[in-house]
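K.L.:
Got a sequence here, can you build the structure:
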Amino acid sequence: MEDNIRTNTLKQKKYAIIVAGGTGSRMESDLPKQFLLLGTQPVLMHTIRQFSRTASAPEIIVVLHPDMCEYWAERCKAYQFHIPHQVVIGGQSRFQSVKNGLETVFAKEKGDLKDVVIAIHDAARPVIDPALIDQCFTATATCGATILAVSSINSIRVGTTDSSKAKDRAEVWIVQTPQTFTGNILAEAFQQEESAQFTDDASVVEKLGYPIHILVGDYKNIKITFPEDLQIAQLYLNAQGLSSTSYNT
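P.N.:
Just a heads-up that it's a prediction; the model follows:
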């Protein structure tokens, strides 16, 4: 069984689509959060670097808001950031941005899309462990659709401020990225019309009836949302042995 998984993983072409088109409205900054400094470099550079450190070595595609493409090119030059990645223009929503990234992948791949594995990741999650990314690619080789998630460590209630009921937190999962799928599943899923029900990429796939397999994630895989998250992320990067002043790019 393990030999089959290893064979499937080796023959599959791997891509990482990093979605970086958000505006970061809760960061108290005019600059989108993926471009704010984390240590000495922008958040997005850290995120790209984590994928470049994997054994899977996916081809990296970064989806940017059209207004930020020139700015990003200038930042890469200023920071001498040379990790290979392709920039793709995003759409008006996350769904459209991911779809643009996928169309770029599909234009490159002329064979069976079952042999293509695509991880979709938030640019604002720069602390993702490269070993965890590798687990996502490996598991998706056999499962077809996987997401990272962690169980809730807090008590959970479901309802409104006026009426709510306790929920068993063992049944509640807090979803993270990357969310990873084979190309054929994503090609079918993103032919659908965009819907308000699509809260993430897994919900798009799930609408077609595909089962979503949960891989246990990492509580340190935080999404930069508030200003103080930058300080927390730096602590986690330091714990990984990554000094933001001594990167090789």
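
K.L.:
Lowest-scoring secondary structure element of this protein by mean pLDDT?
P.N.:
helix 2-11 (a mean of 52; mean pLDDT, DSSP states H and E).

K.L.:
right, and the helix or strand after that one?
P.N.:
strand 13-20 (DSSP states H and E).

K.L.:
For the very next helix or strand once past that next one, give the mean pLDDT please.
P.N.:
Using DSSP H and E, the helix or strand that follows strand 13-20 towards the C-terminus is strand 37-38. Taken as a whole, strand 37-38 has an average pLDDT of 96.

K.L.:
what does the helix or strand A233 falls within rub up against?
P.N.:
Using DSSP H and E, A233 sits within helix 228-239. For helix 228-239, contacts defined as Cβ atoms under 8 Å, 6 or more residues apart in numbering pick out 36-39, 43, 46, 126-127, 220, 222-224, 244. For the C-beta atoms, the positions are set from N, CA and C on the backbone; glycine is no exception.

K.L.:
Assign a three-state SS to the residue nearest to the spatial centre of the chain, would you?
P.N.:
Among the residues of the chain, the one closest to the centroid is H121, at 0.9 Å (Cα atoms, centre = their mean). With DSSP: H, G, I helix; E, B strand; the rest coil as the basis, H121 sits in strand.

K.L.:
Just give the closest residue to it, not the sequence neighbours.
P.N.:
Taking Cβ to Cβ, 6 or more residues apart in numbering, and ignoring the residues beside it in sequence, H121 has P178 as its nearest neighbour in space, at 4.1 Å.

K.L.:
pretty sure the one you found belongs to a strand, no?
P.N.:
Yes: the assignment for P178 is a strand, going by three-state DSSP.

K.L.:
what residues are up against N221?
P.N.:
Going by Cβ under 8 Å, 6+ apart, N221 touches 125, 127-129, 132, 148, 176.

K.L.:
mind checking how far the residue nearest to the centre of the chain is from V63?
P.N.:
For H121, the distance to V63 equals 10 Å [Cβ to Cβ, to the nearest Å].

K.L.:
repeat for S152
P.N.:
For S152, the distance to V63 - Cβ to Cβ - is 30 Å.

K.L.:
Settle it for me: which of those two has more neighbours?
P.N.:
Under the criterion of other Cβ atoms under 10 Å, the comparison of S152 against V63 puts V63 first, with 26 against 15.

K.L.:
If you rank the contacts of helix 228-239 by neighbours, which is first?
P.N.:
P126 (31 neighbours).

K.L.:
What about F181, how many residues nearby?
P.N.:
Each residue near F181 was counted by other Cβ under 10 Å, and the total is 29.

K.L.:
what about S52, distance to L215?
P.N.:
21 Å.

K.L.:
With I232 instead?
P.N.:
Between I232 and L215 the distance is 23 Å, computed by Cβ to Cβ.
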